[in-house]
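In: here is my input; please provide its structure:
(4 chains)
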4 protein chains.
Amino acid sequence: MADLTALRDAMRDFTDARDWTQFHDPKSLILALVGEVGELAELFQWLSAEGAREAATRDPLRTRAGEELADVLLYLVRLADVLGVDLYEAATAKLASADARFDVDAVRGRAPEKA
Amino acid sequence: MADLTALRDAMRDFTDARDWTQFHDPKSLILALVGEVGELAELFQWLSAEGAREAATRDPLRTRAGEELADVLLYLVRLADVLGVDLYEAATAKLASADARFDVDAVRGRAPEKA
Amino acid sequence: MADLTALRDAMRDFTDARDWTQFHDPKSLILALVGEVGELAELFQWLSAEGAREAATRDPLRTRAGEELADVLLYLVRLADVLGVDLYEAATAKLASADARFDVDAVRGRAPEKA
Amino acid sequence: MADLTALRDAMRDFTDARDWTQFHDPKSLILALVGEVGELAELFQWLSAEGAREAATRDPLRTRAGEELADVLLYLVRLADVLGVDLYEAATAKLASADARFDVDAVRGRAPEKA
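Out: Below is the predicted model:
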């Protein structure tokens, strides 16, 4: 079961055991998240759009990408915990809102405009 | 139940219904993730370390932060799906690895060095 | 004359005049930089590799991209100033180092590996 | 003389000599920029706001921060070149616009609100 609440609790235990809560203010955690997103970006930067998808089906990229995605998720879960946000509930609410906002027939096959 | 697999499926349905899969190559999704991380960073940039935590307990920051965290998670889940990565499994494996790597007694109260 | 030193001084004056130096600690400025990089990423996220180059030759993308590149540069220059780094000298030294490191004949036409 | 035009030309020569122009589409360069911003963020993530400024006055952080700032600038200059943007002109125009928009007396000592 891919339970985000269990992951939050595991990150909390990991942090508490090391007395690292003192370092986990929101700005520091966002910078840590940025660092991991940067490592993810570096894995793909020089690949073509098609090559990126293809290369990710094999190692070494497959494993490396999984590790960086994992790091991003772990810091994201930790940040949400520190901010008192129920991450899963926030995500389902946001997706429901996007579902209502982007009418299927109106936007089919067209990339959403950035405001 | 905060089930990441259900969220992945919901994002997949949302994307398929709009025929947006064509836009969701890995590099494009990473850029979308970067955009959302940027919006998250902007919410906190000028706050102090302590002020950030405090301000996030109240609106408007509480709601805004939740929305941006949600956007980051949704793109992360979608990216993992496109890359064929089991995000939850990758995160639990990474956390287990960090747990073994950072000996509790050796690192207690000290921020991990960046290599 | 595209003088980075003049830009640094102009940003310093802009900041001092508003008494905003108090907000410009390194972590806050990095978050501000991340915010602007995020806005840049959003402009290009759903375009194809070829489409991105082409769309940037015309408005509205041409002007919008210029504005976001400008914001990134302004925060970067400000961050370097706060950190006491001579940004131009650091960049020329880094480029000279890359020039020595990536032998022209050895790497021609091949994307550099990410370590 | 800290001439951004000379840096642009040097980056262009560096890239052409290696036949790397083929990799320098806008999206790829933005991902490379994100990678460098991530490395910069990692250097500062666990420091306090005051500690960050202080630590940057000494090595190893002083040198490391300079290197990462340099990398960000080099990719930014390259991206502007690829997009046909006069980066220096864009930055001076943006700063002039900010100078007009944020009235000195109205905003003195108050962090700008994020829209």
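In: next, the buried residues of the top helix by length along chain A.
Out: Using DSSP state H to define each element, chain A has its longest helix at helix A:61-83. Using 16 or more other Cβ atoms under 10 Å in any protein chain shown as the burial criterion, the residues of helix A:61-83 that qualify are A:61, A:64-83. Every residue, glycine included, has its C-beta placed from N, CA and C.
In: within reach of chain B, which of these are there?
Out: Counting by Cβ under 8 Å from any Cβ of the partner chain, A:65-67, A:69-74, A:76-77, A:79-80, A:82-83 from the buried residues of helix A:61-83 sit close to chain B.
In: give the closest residue to residue A:7 in space, chain neighbours not counted.
Out: residue A:77 (5.4 Å; Cβ to Cβ, 6 or more residues apart in numbering or on different chains).
In: how close does the one you found get to residue B:59?
Out: 22 Å (Cβ to Cβ, to the nearest Å).
In: what's in contact with stretch A:78-89?
Out: A:4-5, A:8, A:11-12, A:15, A:24-26, A:29-30, A:33, A:76-77, A:90, B:2-3, B:7, B:53, B:56-57, B:62, B:65-66, B:69-70, B:73 (Cβ atoms under 8 Å, 6 or more residues apart in numbering or on different chains).
In: show me the helices in chain A, by range?
Out: Counting by DSSP H, the helices of chain A are A:4-17, A:26-44, A:49-55, A:61-83, A:87-101, A:104-107.
In: quick one, the longest one and helix A:4-17 angle?
Out: Same thing as helix A:61-83. 80 degrees (axes from the mean of the first three to the mean of the last three Cα atoms, to 10 degrees).
In: could I get the average pLDDT for helix A:61-83?
Out: The average pLDDT within helix A:61-83 is 97.
In: how about the CA coordinates for that helix, as PDB?
Out: Taking Å, rounded to 0.1, in the frame of the first residue of the first chain, the C-alpha atoms of helix A:61-83 are listed here in PDB:
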ATOM      1  CA  LEU A  61      19.000   6.300 -16.000                       C
ATOM      2  CA  ARG A  62      16.200   4.200 -14.700                       C
ATOM      3  CA  THR A  63      17.700   3.700 -11.300                       C
ATOM      4  CA  ARG A  64      19.100   7.200 -11.000                       C
ATOM      5  CA  ALA A  65      15.800   8.800 -12.000                       C
ATOM      6  CA  GLY A  66      14.000   6.700  -9.400                       C
ATOM      7  CA  GLU A  67      16.500   7.900  -6.700                       C
ATOM      8  CA  GLU A  68      16.000  11.600  -7.500                       C
ATOM      9  CA  LEU A  69      12.200  11.300  -7.700                       C
ATOM     10  CA  ALA A  70      12.400   9.600  -4.300                       C
ATOM     11  CA  ASP A  71      14.500  12.400  -2.800                       C
ATOM     12  CA  VAL A  72      12.100  15.000  -4.200                       C
ATOM     13  CA  LEU A  73       9.100  13.200  -2.700                       C
ATOM     14  CA  LEU A  74      10.800  12.700   0.700                       C
ATOM     15  CA  TYR A  75      11.500  16.400   1.100                       C
ATOM     16  CA  LEU A  76       8.100  17.300  -0.200                       C
ATOM     17  CA  VAL A  77       6.400  15.100   2.400                       C
ATOM     18  CA  ARG A  78       8.600  16.500   5.100                       C
ATOM     19  CA  LEU A  79       7.900  20.100   4.100                       C
ATOM     20  CA  ALA A  80       4.200  19.400   4.100                       C
ATOM     21  CA  ASP A  81       4.500  17.900   7.600                       C
ATOM     22  CA  VAL A  82       6.400  20.900   8.900                       C
ATOM     23  CA  LEU A  83       3.800  23.300   7.400                       C
END
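In: output the helices of chain A as CSV; include the columns distance to residue C:45.
Out: Output for those, formatted as CSV (distance: least, Cβ to Cβ, whole Å):
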stretch, distance to residue C:45
helix A:4-17, 25
helix A:26-44, 12
helix A:49-55, 12
helix A:61-83, 17
helix A:87-101, 15
helix A:104-107, 15
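In: tell me which of those sits most buried.
Out: Neighbour counts (mean count of other Cβ atoms under 10 Å in any protein chain shown) averaged over each of the helices of chain A peak at helix A:26-44, with a mean of 25.
In: check contacts around the nearest residue to residue A:111 once chain neighbours are set aside.
Out: In space, and not counting its chain neighbours, residue A:111 is closest to residue C:46: 3.5 Å by Cβ to Cβ, 6+ apart. Counting by Cβ under 8 Å, 6+ apart, residue C:46 makes contact with A:111, A:112, B:23, B:28, B:32.
In: ok, of those, which one's closest to residue D:40?
Out: residue B:32 (21.5 Å; Cβ to Cβ).
In: residue of chain A closest to chain D, please.
Out: Minimum separation of chain A from chain D (Cβ to the nearest Cβ) falls at residue A:38, amounting to 1.4 Å.
In: stretch A:30-46 - what's its average pLDDT?
Out: Mean predicted confidence for stretch A:30-46 is 98.
In: run the chain-centre distance for that stretch.
Out: Chain-centre distance of stretch A:30-46: 11 Å, with Cα atoms, centre = their mean, to the nearest Å.
In: again, but for stretch A:54-74
Out: With Cα atoms, centre = their mean, you get 13 Å for stretch A:54-74.
In: over to stretch A:62-81?
Out: Per Cα atoms, centre = their mean, the displacement of stretch A:62-81 from the mean C-alpha position of its chain is 6 Å.
In: do stretch A:17-27 as well
Out: Relative to its parent chain, stretch A:17-27 has a centroid offset of 19 Å by Cα atoms, centre = their mean.
In: got the contact list for residue A:109?
Out: Contacts of residue A:109 by Cβ under 8 Å, 6+ apart are B:18, B:19, B:20, B:22.
In: for the residues you listed, which one is nearest chain C?
Out: Set against chain C, the nearest of the contacts of residue A:109 by Cβ to the nearest Cβ is residue B:20 (8.7 Å).
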